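Enquirer: Output the structure for:
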Amino acid sequence: MKTVLKRVLSHRQQKEKRDYSRQIDFLNRYSLLFHALLSCMLVLIIEICSRRSFIGAFKFLSGHTFAFFFCSLIIFVTLSVVYLFRRRMLMRIIISSVWLLLGIINGCVLSQRVTPFGYTDLKCISDLLTMTNTQYFSKTQEICVIVLLGALVLFLILFSIKGPKFQGSAHKLRAVFLCMGMALLMSGATSLAQDSNWMASYFSNIAQGYSDYGFVYGFSSSVMDRGMSKPDDYSKDTIKKITDRVAKTKEENKSYKLADSKKLVSDSSDQTAKQPNIICVLLESFMDPSEVNFLKMSEDPIPNFRALCDNYTSGYLTVPVVGAGTANSEFEVLTGMNLRFFGTGEYPYKTILKKTNCESIASDLSKTGYGTHVVHNNGGNFYSRANAFSQFGFDSFTSKELMNIQEYTPLGSWPTDDILIQETKKALDSTPDQSDFVYTITVQGHGNYPSEKIIPNPEIKVSGAETEEKNNQWEYYVNQIHEVDKFIGNLTDMLAQRDEETILVLFGDHLPTMGLEDQDVASGDIFKTQYATWNNFGLEQKDADLAAYQMLAYAMEQAGIYEGTIFTYHQAGEYDTENEQYQRELENLQYDILYGERYSYGGVDLYPASDLQMGIDETYIFNYRENADGSLSIYGKNFTNWSRIYVNDEKMPTKFISDRQVVLSSDYAEDLEDGDILKVCQVGSSNTIFRTTKNSMAYEKPEA
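Expert: Below you'll find the model as predicted:
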């Protein structure tokens, strides 16, 4: 009986194996047709994930049919790689999994922000991991991602061992030619589709571009289209014509200089007149909530900002991002460069600025004697800012690692902004004999915003949204922005008390992540935020709507300051963003400075990266003391929650007590030996040491 049963089972297994082999043979024989069907299916699933809607995906298929099949063609071409391998089924699974994973990531990203997932976001993964337990990225989400990726890798390993191999002739040369042919087909089809305007070559609105042309095309564009393409008319003569004209205008402007609203002074010989301080403040996710058409509020949440708009130069500011991407608005403001000339969804901080220095407002003002500083109550490595600010030529950068932060938002996700007032003042005081440019970056308004009620008795009550959850989100946001407005009032009060001429420029980097559409806002454009200014020496109010890359040029022009290649170019024009010649020349200048021969500088590197100093205050060790529980207290000055004790250059677990005390636990203190060198470092993400105590101490064991 057992023998018969074994034969039956063996026969069934052999039959299943033959059926499986026939299926594999069928797929191999008609693999191109199978790839075409698989590609279409993958695009549909990816769009369902990206749009988080079955209906939305099928609307894309019916309303943008050409784009749907073009996305399918992209995946079809990538699947041709399988012919280079014997384990073709494994490669199909790997390629399909990668596309599906990207689509799922995009859906997750769009649930937290408006801007879709692009290639350069991959360069921000390390930043994302530093934001654990914020509303951006929770510990639970991190664990889920790790588990799912681990399961996928385990499955692929098992499949690579047990899965089928292609049994026919490999035809390697034929496979190589097929892949090359597919690549040429893709290149030709893309050029034809873009030249015929069936597919866009540039997304002025990235979110809309992904929506209209599909995630696969949008993401592929962000991979292939990076950096700046060389303008057709770029040459030494082109740059010379632009710079000669700008230089002439600059000299005409610098023949006089506005010292106050009614007095002109010569700029040719007076070297004693001190330039005004310039404070530029990025207001994270800041907008005027009254501009949201459906919101109702118990009182005005931003009276201080509104007063600045009423009495000083202000206007709408067109920014390159919505809901996220602060670094790109920042890049435009600090460099005067237009991000539209870069690749789809690109972050220059993560690409070109990793290897190339860049002229900026900091380097321009430094040449005229300014001290230049950055103050930000978030991590120094986030968006690779420490590197970027060095490439920009800043003197110092005080990040959260150098601040004694004690107050956080109700969710505990972000520091409040009030600490930035004393840190901005500290930067100004650090150079008593210089004028200063201080770039201050807030974080309190940062999303995401909770759908449950967090603040039991909010100062401002909000209604008008479509659901209770949405009202809760808006109420939380509005009350945080109200706190930011108080920060604005306190900051202007601090600056007004200083006996120094000062210009203050404040701007919103992007609208909050609230799913707003153009028809929901008073400006009619979700890429428009607002800026406002303040000064204490009588500048005339000249309201203007500007692009982010024009704002500081305009502010400096109002103050009679004409410096820099890009900024003086803006000042020589009419700030007309729709002027084709203006944009074409700006593109040439940007390319020349970042990617070209630097004809603007005569081929010389005029703006090298700075030796960026992290923080203003020195940190010190005064002494140490053995505690009764065996731990070791180190006493000093200017410690923060990011201070870490180092023993012989090895980082130790550290407990922060106050700005004057940190503690090494008994588990580690008991291993200390005579002569061990103690120091305290300010440590950022990836164990980056931003600053070390001015002195160190040699440990001596206490006598028994």
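Enquirer: give the contact list for residue 367.
Expert: residue 563 (Cβ atoms under 8 Å, 6 or more residues apart in numbering). C-beta here means a position set from N, CA and C on the backbone, and glycine is covered the same way.
Enquirer: so what's it scoring on pLDDT?
Expert: The predicted structure scores residue 367 at 94 on the pLDDT scale.
Enquirer: any idea how far it is from residue 96?
Expert: Going from residue 367 to residue 96 by Cβ to Cβ, to the nearest Å gives 54 Å.
Enquirer: Quick one: the strands in the stretch 301-450 of the chain, in order.
Expert: Secondary structure of the stretch 301-450 of the chain by DSSP state E, counting those that start in this stretch: the strands cover 314-318, 371-376, 396-398, 436-441.
Enquirer: Take these and lay them out in TSV including mean pLDDT and distance to residue 692.
Expert: Converted to TSV, the strands of the stretch 301-450 of the chain look like this (pLDDT from 0 to 100; distance: least, Cβ to Cβ, whole Å):
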stretch	mean pLDDT	distance to residue 692
strand 314-318	98	39
strand 371-376	98	20
strand 396-398	98	16
strand 436-441	98	24
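Enquirer: so which of those gets nearest residue 147?
Expert: strand 371-376 (33.6 Å; Cβ to Cβ).
Enquirer: between the closest one and strand 436-441, how many degrees?
Expert: Following axes from the mean of the first three to the mean of the last three Cα atoms, to 10 degrees, one obtains 10 degrees for the angle between strand 371-376 and strand 436-441.
Enquirer: Switch the strands of the stretch 301-450 of the chain over to JSON lines; also include mean neighbour count and distance to residue 702.
Expert: Shown next, in JSON lines, are those (neighbours: other Cβ atoms under 10 Å; distance: least, Cβ to Cβ, whole Å):
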{"stretch": "strand 314-318", "mean neighbour count": "21", "distance to residue 702": "61"}
{"stretch": "strand 371-376", "mean neighbour count": "26", "distance to residue 702": "41"}
{"stretch": "strand 396-398", "mean neighbour count": "25", "distance to residue 702": "37"}
{"stretch": "strand 436-441", "mean neighbour count": "25", "distance to residue 702": "46"}
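Enquirer: of those strands, which approaches residue 216 most closely?
Expert: Here strand 314-318 is closest among the strands of the stretch 301-450 of the chain (Cβ to Cβ), at 28.6 Å.
Enquirer: So what touches the closest one?
Expert: 308, 507-508, 523, 525, 527-533, 543-548, 551, 577.
Enquirer: What strands line up against it, and which way round?
Expert: strand 528-535 (antiparallel), strand 546-547 (parallel) (DSSP bridges).
Enquirer: count of neighbours near the residue nearest to residue 450 when sequence neighbours are not counted?
Expert: In space, and not counting its chain neighbours, residue 450 is closest to residue 476: 5.8 Å by Cβ to Cβ, 6 or more residues apart in numbering. Residues lying near residue 476 (other Cβ atoms under 10 Å) number 24.
Enquirer: Would you confirm that residue 476 contacts residue 410?
Expert: Yes: between residue 476 and residue 410 there is a contact at 7.5 Å, judged by Cβ atoms under 8 Å.
Enquirer: any shared contact partners between the two?
Expert: By Cβ under 8 Å, 6+ apart, the residues touching both residue 476 and residue 410 are 454, 455.
Enquirer: Following element in sequence after the helix or strand of the chain with the lowest mean pLDDT, please.
Expert: Lowest by mean pLDDT, DSSP states H and E among the helices and strands of the chain is strand 264-265, with a mean of 38. The C-terminal neighbour of strand 264-265 among helices and strands, as given by DSSP states H and E, is strand 277-283.
Enquirer: For the helix or strand following that following strand, report the contacting residues that lie outside it.
Expert: Downstream of strand 277-283, the first helix or strand assigned by DSSP H and E is strand 296-297. Strand 296-297 is contacted from outside by 289, 290, 460, 461, 462, 463, 464, 478, using Cβ under 8 Å, 6+ apart.
Enquirer: try 6 Å
Expert: Applying Cβ atoms under 6 Å, 6 or more residues apart in numbering, the external contacts of strand 296-297 come out as 460, 462, 463, 464.
Enquirer: now do stretch 692-702
Expert: Applying Cβ under 6 Å, 6+ apart, the contact partners of stretch 692-702 are 618-621, 626, 672, 674-681.
Enquirer: same check, this time on stretch 507-521
Expert: With Cβ under 6 Å, 6+ apart, stretch 507-521 has contacts from 113, 282-283, 285-287, 291, 293, 317, 319, 321-323, 326, 329, 447, 477, 524-526, 529-531.
Enquirer: Likewise for stretch 661-674?
Expert: With contact meaning Cβ under 6 Å, 6+ apart, stretch 661-674 is reached by 629-635, 639, 643, 645, 652, 654-656, 699-701.
Enquirer: Go ahead and confirm residue 609 touches residue 392.
Expert: No: using Cβ atoms under 6 Å, residue 609 is not in contact with residue 392, being 8.1 Å away.
Enquirer: so what's residue 566 up against?
Expert: Applying Cβ under 6 Å, 6+ apart to residue 566 gives the contacts residue 336.
Enquirer: I'd like to know how far it sits from residue 615.
Expert: Per Cβ to Cβ, residue 566 is found 29 Å from residue 615.
Enquirer: Next: residue 650.
Expert: Per Cβ to Cβ, residue 650 is found 23 Å from residue 615.
Enquirer: Looking at the two, which is more packed in?
Expert: Neighbour tally, residue 650 and residue 615, criterion other Cβ under 10 Å: the higher count belongs to residue 615, 23 against 9.
Enquirer: The nearest residue to the more buried one once chain neighbours are set aside: neighbouring residues, count only.
Expert: Leaving out its chain neighbours, the residue that sits closest to residue 615 by Cβ to Cβ, 6+ apart is residue 402, at 3.4 Å. Other residues near residue 402 come to 26 when the count uses other Cβ under 10 Å.
Enquirer: just residue 543 next, same as before
Expert: Look at residue 543: counted by other Cβ under 10 Å, it has 12 neighbours.
Enquirer: How about the contacts made by it?
Expert: Contacts for residue 543 (Cβ under 6 Å, 6+ apart) come out as 313, 314, 315.
Enquirer: Residue 609 and residue 392: which has the busier surroundings?
Expert: More neighbours surround residue 392 than the other of residue 609 and residue 392, with 28 against 19 (other Cβ under 10 Å).
Enquirer: So what's the predicted local confidence for that one?
Expert: For residue 392, pLDDT reads 98.
Enquirer: show me where pLDDT drops low in the stretch 51-200 of the chain?
Expert: Applying pLDDT under 70 to the stretch 51-200 of the chain picks out residues 112-114, 123-142, 145, 163-164, 166-171.
Enquirer: any idea where the helices of it begin and end?
Expert: Using DSSP state H, counting those that start in this stretch, the helices of the stretch 51-200 of the chain run over residues 54-63, 65-79, 88-110, 125-129, 139-162, 172-195.
Enquirer: Just want the angle from the helix or strand immediately after the last one in the chain to helix 172-195.
Expert: So the one you mean is helix 172-195. Going down the chain from helix 172-195, the next helix or strand is helix 206-213, by DSSP H and E. Between the axes of helix 206-213 and helix 172-195, defined by the same axes, to 10 degrees, the angle is 110 degrees.
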